[in-house]
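Q: need a structure here:
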Amino acid sequence: MTEPEQRWRPIRLMPAFKFAISRAAETSCVQAENMRLALDRPELINHIELARLRLVYQDTARYAQMCREQLSRWRGECVSPEQHALLDQLEQLVEQWIADTRAILDAANALLANA
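A: The predicted structure is shown next:
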């Protein structure tokens, strides 16, 4: 699989970026909780779907890392208190997104290993 190309976005797009990250983080949060529950009921999981889920969330992990890099870049460009506050919120969202994505992958790997 080829790595996605990082495209640096101008800081003026931070509000739109927040919207996109919020939705992605929310989805990963829900899926992480589902996977925690699945660890107790592995017989309910289709292994083909688990393998697919693993591929999807491996890509998600790459994109979340790219977002982390974008936020780091913006940190050097922030000029207003509002931008700093929004960037702080975004960094928290991205870190939670990364943690939930990692939890999903760990659970999928555990379930596939025990198959």
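Q: Which elements pack onto the longest helix along the chain?
A: For the chain, the longest helix by residue count, based on DSSP state H, is helix 81-113. Secondary-structure packing of helix 81-113 (3 or more C-beta pairs under 8 Å, 6 or more residues apart in numbering; DSSP states H and E): helix 14-40, helix 47-75. Every C-beta, even on glycine, is put in place using the N, C-alpha and C of the backbone.
Q: Could you export those as CSV, including mean neighbour count and mean pLDDT?
A: Listed next are the helices and strands packed on helix 81-113 as CSV, based on neighbours: other C-beta atoms under 10 Å; pLDDT from 0 to 100:
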stretch, mean neighbour count, mean pLDDT
helix 14-40, 16, 94
helix 47-75, 16, 94
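Q: Put together a markdown table for those helices, with distance to Gln89 on each row.
A: Shown next, in a markdown table, are these (distance: least, C-beta to C-beta, whole Å):
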| stretch | distance to Gln89 |
| --- | --- |
| helix 14-40 | 7 |
| helix 47-75 | 10 |
